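Colleague: Predicted structure and sequence below. I'll ask about it afterward.
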Amino acid sequence: MEIIKGGVTAAKGFRAASTAAGIKYQGRTDMAMIYAENPCKAAGTFTTNVVKAAPVKWDQEIVYHHPAAQVIVCNSGIANACTGEEGYGYCRETAKAAAEVLHVPEDSVLVASTGVIGMQLPIEKLAAGVKQMAPELDGSLEAGNLAAKAIMTTDTVEKEAAVQVEISGKTVTVGGMCKGSGMIHPNMCTMLSFVTTDVNISKELLQEALSESVKDTYNMVSVDGDTSTNDTVLLLAGGMAGNPEITEKNEDYEKFCQALNYVNTTLAKKIAGDGEGATALFEVKIIGAESKEQAVTLSKSVVSSSLTKAAIYGHDANWGRILCAMGYSGAKFDPEKVDLYFESRAGKIKIMENGVSTGYSEEEATKILSENEVTAIADVKMGDASATAWGCDLTYDYVKINADYRS
């Protein structure tokens with residue numbers, strides 16, 4: 001597997017474009033389009049929030065009930081959530097505008113929105129944006145990068161990843177882009193991720209590969225514990241790599257899954273590290289667990305703990321908060337057998353052994369916790385299972401950003 005530059009345009013047959021439609025933001029791009037030269041197999045995972053945005057409902061219909069997809073249109077600034085029949089109608093009108101200008105079926109156009117909940121989209125600006133982007137579609141890495149920037153809201157950086165792997169003698173590429181900074185606690189799987197690949201694979205296995213990958217990637221991220229109305233991951237497979245179609249779980253399928261998992265893991269970590277107001281990526285590894293389920297529960301409880309996140313911001317080795325978060329997770333373990341470590345580029349230190357302090361150096365711990373990527377490792381000594389979750393520190397700026405986000 002080779003890590004390469006790029007995002008949604010890295011794979012063969014995909015183009016992208018972006019534009020400033022003036023939907024909410026001024027002086028920046030706020031719409032992106034991804035276009036596949038050929039109809040694609042499509043897979044998707046979506047928010048489990050009962051309150052689902054109109055684009056989520058639209059995309060679920062296409063992914064689950066239509067044979068192919070060819071276009072993704074995304075806007076930032078307004079989420080098109082809690083907008084009733086009018087909002088759903090705007091999904092249809094957006095798809096219609098794209099279908100007309102790109103000469104594709106209306107039911108092959110996926111849509112996505114991110115931003116403020118409860119506002120109606122200015123559909124005239126949205127439709128105009130679609131028409132502006134269509135002639136600008138380009139397969140360059142720069143076009144993909146500009147598309148990644150256009151879907152940002154409170155994100156501070158664009159988020160892309162791409163990788164190549166050889167499958168049956170053919171080079172297969174998987175690339176993607178995502179956005180997400182606040183209201184991040186995916187359970188579907190406001191975060192959006194769009195992944196493209198030129199692999200030739202059945203629709204059924206494409207969906208299965210994505211659903212499995214999401215469990216260990218996007219679903220292991222938490223910035224603030226809030227599950228959005230708009231969480232969506234879309235995966236398009238165009239088949240232009242020329243490999244024999246993957247129709248069973250063989251070596252080719254495993255190689256594709258590894259590439260897909262790399263892209264999704266990379267994007268998930270970028271979301272966590274760019275949490276609103278964050279100064280550090282906070283990674284939590286649970287090892288020695290009795291089962292994968294236990295490890296997932298424990299790691300997500302720690303990474304979601306506001307007190308622990310605040311301690312990470314203060315570079316404070318307040319390990320009692322970690323043990324406490326594990327204790328209220330609902331998972332059963334013996335706290336008097338737990339070992340805890342902190343690790344970063346500055347080194348690794350054992351903080352706790354068998355449930356009590358090791359008498360560690362506070363100065364050394366603070367040095368390790370002062371890096372912009374920090375890991376807590378907890379060994380519960382019950383088995384061989386493990387899980388990793390990603391989050392970020394909790395800062396003053398998180399409150400500032402969200403106190404006036406709507407206004």
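Modeller: Received, thanks.
Colleague: Residue 252 is in contact with residue 202, correct?
Modeller: No. Residue 202 lies out of contact with residue 252 (CB atoms under 8 Å); the separation is 11.6 Å. Glycine gets a C-beta too; all of them are placed from N, C-alpha and C.
Colleague: Need the per-residue pLDDT for the nearest residue to residue 54 once chain neighbours are set aside.
Modeller: Nearest-residue entry for residue 54: residue 87, 4.0 Å, with adjacent residues in sequence omitted and distances by CB to CB, 6 or more residues apart in numbering. Residue 87 carries a pLDDT value of 97.
Colleague: secondary structure element for residue 87?
Modeller: helix 84-102 (DSSP states H and E).
Colleague: Determine the longest strand present in the protein.
Modeller: Looking across the chain with DSSP state E, the single longest strand is strand 31-46.
Colleague: Pull up the pairing partners for that strand, direction included.
Modeller: strand 14-19 (antiparallel), strand 69-78 (antiparallel), strand 232-237 (antiparallel) (DSSP bridges).
Colleague: quick one: the strands in the stretch 101-250 of the chain?
Modeller: Remark: strands assigned in the stretch 101-250 of the chain by DSSP state E, counting those that start in this stretch are 109-116, 159-167, 170-179, 192-197, 232-237.
Colleague: Take these and write them to a markdown table, including mean neighbour count and mean pLDDT.
Modeller: Compiled in a markdown table, those are given as follows (neighbours: other CB atoms under 10 Å; pLDDT from 0 to 100):
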| stretch | mean neighbour count | mean pLDDT |
| --- | --- | --- |
| strand 109-116 | 27 | 95 |
| strand 159-167 | 23 | 98 |
| strand 170-179 | 26 | 97 |
| strand 192-197 | 28 | 97 |
| strand 232-237 | 29 | 97 |
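Colleague: Which of those sits closest to residue 383?
Modeller: Evaluated over those, closeness to residue 383 peaks at strand 232-237, with 30.1 Å, by CB to CB.
Colleague: Out of the helices and strands in this structure, which is least certain?
Modeller: Within the chain, no helix or strand scores below helix 396-403, which has a mean of 85 by mean pLDDT, DSSP states H and E.
Colleague: which residues are contacting that helix?
Modeller: Applying CB atoms under 8 Å, 6 or more residues apart in numbering, the external contacts of helix 396-403 come out as 154, 182, 224, 275, 276, 277, 278.
Colleague: residue contacts, the fifth one?
Modeller: By CB under 8 Å, 6+ apart, the contact set of residue 276 is 154, 181, 182, 223, 224, 397, 398, 401, 402.
Colleague: Of those, which qualify as buried by neighbour count?
Modeller: 154, 181, 182, 223, 224, 398, 402 (16 or more other CB atoms under 10 Å).
Colleague: and the least confident of those?
Modeller: The minimum pLDDT among those falls on residue 182, with 68.
Colleague: residues in contact with residue 358?
Modeller: Applying CB under 8 Å, 6+ apart, the residues near residue 358 are 350, 351, 352.
Colleague: Could you check which helix or strand contains the residue of the chain positioned farthest from its centre?
Modeller: For the chain, the C-alpha farthest from the mean C-alpha position belongs to residue 359; by CA atoms, centre = their mean, that distance is 38.5 Å. Following DSSP H and E, there is no helix or strand that holds residue 359.
Colleague: okay, it: pLDDT?
Modeller: Here the pLDDT value assigned to residue 359 is 97.
Colleague: Just the CA atoms of the helix or strand harbouring residue 324, as PDB, please.
Modeller: Using DSSP H and E, residue 324 sits in helix 319-327. Extracted in PDB, the C-alpha atoms of helix 319-327 (Å, rounded to 0.1, in the frame of the first residue of the first chain):
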ATOM      1  CA  TRP A 319      -5.100  10.100  35.600                       C
ATOM      2  CA  GLY A 320      -8.000   9.800  38.100                       C
ATOM      3  CA  ARG A 321     -10.300  11.300  35.600                       C
ATOM      4  CA  ILE A 322      -9.400   8.600  33.100                       C
ATOM      5  CA  LEU A 323     -10.000   5.800  35.500                       C
ATOM      6  CA  CYS A 324     -13.300   7.500  36.600                       C
ATOM      7  CA  ALA A 325     -14.500   7.700  32.900                       C
ATOM      8  CA  MET A 326     -13.700   4.000  32.500                       C
ATOM      9  CA  GLY A 327     -15.600   3.300  35.600                       C
END
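Colleague: buried set for that helix?
Modeller: Under 16+ other CB under 10 Å, the buried positions of helix 319-327 are 319, 321, 322, 323, 324, 325, 326.
Colleague: which residues does residue 344 contact?
Modeller: Per CB under 8 Å, 6+ apart, neighbours of residue 344: 368, 369, 370, 371, 373, 374, 375.
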